[in-house]
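Colleague: Just the structure for this:
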Amino acid sequence: MAVNTSNPSQSAENPATYFAPAERADPEQILDASRMVENSLLFNAILESVDGYIMILNPQRQVLAMNRKLLEDINIHDINCILGERPGEVLKCIHAAEGPGGCGTGKFCSSCGAVISILASQKKGKPVTDECLATVQHGETVESLEFRVRSTPVKLGDSEFIVLVLHDISGDKRRQALERTFFHDVLNTVGGLIGWSNLLRDFEGTDPKQAAERIILLSKRLQQEIEEQRRLSQAEMGTLEIETATGAVQEIFNNLKTIFEAHPVAKNKMLEVVNADPAEEITTDISLLTRIITNMIKNAFEAIQPSQTVRLWFAMREDAPTFFVQNPGKIPDETAMRIFQRSFSTKSKTGRGIGTYSMKLFGERYLKGQVGFETSEENGTIFYISLPAKT
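Modeller: Here you go, the predicted structure:
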């Protein structure tokens, strides 16, 4: 029987934890507590009757029991294989192993709704509800999961436990994010179409050619926004088909300049494009790549003030063709840790937060590249997408 009870060493340079306590119970304590849970009518009733995923934890946040649905979904046939692990380790959170003491002890863990609710319920002695955005990996598959979590302290005799319930709200969060971004962008574009159409109809002094060109531009933008949502839905379902072609980097730049020439997000702001070598070409899904860079530029414009500049350029990065988008300003550390999680957003309104997630999804799962960012006070924020190295 494998029981995870390792406790990390600690020094000034290597702390035992960056957030939650790292200490774990010893194997005998875990086995005794697990037997107590197994023999408890109360805990058995909870495990059998509550919807969602359920874990019974000891005060050190280690798993003592879980319900059948969770065991089946994580493909575990014998709970003894994961006895003593923590929730993030069980769910294969990509950050669980980064902390010195495992799940809950890493730098990313300070923003995890699950460990926050556990610690808060222990401190307050009552149930605490929160939301958890988790990025998990099974084999080569990485996906974003969103849970509503509720931690409840329970006392059995002289022993203390935590009942952790997780409800998967990924579908609701995804729908909110898609609907809000989609409806917001579409309504803006439709408003522009109506405005120019009214000018064309009502005002004799309006230049018909200018109005027609504007209507065509807005109609194309509307088409692109609908297509983007369609492709994102296909990508998440795994049905997106890649259309590979070879194209000039400068042509991509020219297209991006056209997109942002009259884009509302770029009003009173500047886009500096460093022209590429006319002979520089890439082979990929050009449309998908353009969409990724478009989202990077939109986010950069949203992060700056009027009269500031967003910069776009192309270069080889460790033999990989790479596009860079830079804007002034550093992303706060607490935001940077969660920037690629679906539904996470720096905006306060419900349902935002799909752009950076889609960059990662499209760029890595489908274009087989690498999407990342660097941020500092000196150099501002630079997002990039590196495509597979040329062979």
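
Colleague: all contacts plus neighbour counts: C-alpha atoms, from now on.
Modeller: OK.

Colleague: outside of the helix or strand encompassing residue 162, which residues touch it?
Modeller: Here residue 162, judged by DSSP states H and E, is contained in strand 159-168. Applying CA atoms under 8 Å, 6 or more residues apart in numbering, the contact partners of strand 159-168 are 51-59, 61, 118, 145-155.

Colleague: Quick check: buried residues in that strand?
Modeller: Across strand 159-168, burial judged by 16 or more other CA atoms under 10 Å covers 161, 162, 163, 164, 165, 166, 167, 168.

Colleague: Report the contact partners of the closest residue to residue 86 other than its chain neighbours.
Modeller: Nearest residue to residue 86, sequence neighbours excluded (CA to CA, 6 or more residues apart in numbering): residue 62, at 4.6 Å. Applying CA under 8 Å, 6+ apart, we find residue 62 in contact with 24, 83, 84, 85, 86, 87.

Colleague: The fifth one touches residue 66, doesn't it?
Modeller: No. Here residue 86 does not reach residue 66: they are 11.6 Å apart, not a contact under CA atoms under 8 Å.

Colleague: correct me, but residue 56 touches residue 70?
Modeller: No. Look at residue 56 against residue 70 with CA under 8 Å: they stay out of range, at 11.9 Å.

Colleague: contact partners of the longest strand that the chain contains?
Modeller: Using DSSP state E, we find that the single longest strand of the chain is strand 141-156. Here strand 141-156 makes contact (CA under 8 Å, 6+ apart) with 113-114, 117-118, 121-122, 125-137, 160-170, 173, 341-342.

Colleague: how about low-confidence regions in the stretch 101-250 of the chain?
Modeller: 174-185, 187-189, 192, 196, 199, 202-206, 236 (pLDDT under 70).

Colleague: Do a quick rundown of the helices in it.
Modeller: 113-124, 170-202, 208-237, 249-261 (DSSP state H, counting those that start in this stretch).

Colleague: okay, those helices in a markdown table with mean neighbour count and distance to residue 284 next?
Modeller: As requested, the helices of the stretch 101-250 of the chain are exported to a markdown table (neighbours: other CA atoms under 10 Å; distance: least, CA to CA, whole Å):
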| stretch | mean neighbour count | distance to residue 284 |
| --- | --- | --- |
| helix 113-124 | 20 | 38 |
| helix 170-202 | 16 | 26 |
| helix 208-237 | 15 | 16 |
| helix 249-261 | 16 | 11 |
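
Colleague: how about a markdown table for the ones you listed, with distance to residue 327 added?
Modeller: What follows is the helices of the stretch 101-250 of the chain, written out as a markdown table (distance: least, CA to CA, whole Å):
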| stretch | distance to residue 327 |
| --- | --- |
| helix 113-124 | 30 |
| helix 170-202 | 22 |
| helix 208-237 | 24 |
| helix 249-261 | 15 |
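
Colleague: Could you check the angle the one helix or strand residue 293 maps to makes with helix 249-261?
Modeller: Per DSSP H and E: residue 293 is located in helix 286-303. Helix 286-303 and helix 249-261 are oriented at 50 degrees to each other (axes from the mean of the first three to the mean of the last three CA atoms, to 10 degrees).

Colleague: tell me what helix 286-303 is packed against?
Modeller: The contact analysis (3 or more CA pairs under 8 Å, 6 or more residues apart in numbering; DSSP states H and E) places helix 286-303 against strand 245-248, helix 249-261, strand 309-317, strand 320-327, helix 355-360.

Colleague: what's downstream of the second one, the next helix or strand?
Modeller: Translated: helix 249-261. Next along from helix 249-261, by DSSP H and E: strand 270-273.

Colleague: So what's the gap between that following strand and the chain middle?
Modeller: 27 Å (CA atoms, centre = their mean, to the nearest Å).

Colleague: what does that strand contact?
Modeller: 253, 257, 260, 307, 308, 309, 310, 311, 312, 313.

Colleague: ok, 10 Å please
Modeller: 250, 253-254, 256-257, 260-261, 297, 300-301, 306-314, 325-327 (CA atoms under 10 Å, 6 or more residues apart in numbering).

Colleague: can you check stretch 252-263 too?
Modeller: Contacting residues not belonging to stretch 252-263 are listed as 189, 214, 217-218, 220-221, 250-251, 266-267, 270-276, 281, 286-287, 289-291, 293-294, 297-298, 312-314 [CA under 10 Å, 6+ apart].

Colleague: Report the contact partners of the residue lying closest to residue 99 once chain neighbours are set aside.
Modeller: Using CA to CA, 6+ apart and skipping the chain neighbours, the partner closest in space to residue 99 is residue 106 (3.5 Å). Residue 106 is in contact with 16, 17, 18, 19, 20, 22, 95, 96, 97, 98, 99, 100, counting by CA under 10 Å, 6+ apart.

Colleague: where's the closest residue to residue 58 other than its chain neighbours relative to residue 88, distance?
Modeller: Closest residue in space to residue 58, ignoring its immediate chain neighbours: residue 161 at 4.9 Å, by CA to CA, 6+ apart. Distance, residue 161 to residue 88, by CA to CA, to the nearest Å: 18 Å.

Colleague: Quickly find the element holding residue 381.
Modeller: Per DSSP H and E: strand 380-386 holds residue 381.

Colleague: Partner strands of that strand and their direction?
Modeller: Applying DSSP bridges, strand 380-386 is found paired with strand 320-327 (antiparallel), strand 370-376 (antiparallel).

Colleague: Buried deepest among those strands, which one?
Modeller: Neighbour counts (mean count of other CA atoms under 10 Å) averaged over each of the strands paired with strand 380-386 peak at strand 320-327, with a mean of 21.

Colleague: chain center to that strand: distance?
Modeller: 20 Å.

Colleague: roughly how far apart are the residue nearest to residue 99 and residue 84?
Modeller: 18 Å.

Colleague: ok, now residue 249?
Modeller: Residue 249 is 52 Å from residue 84, by CA to CA.
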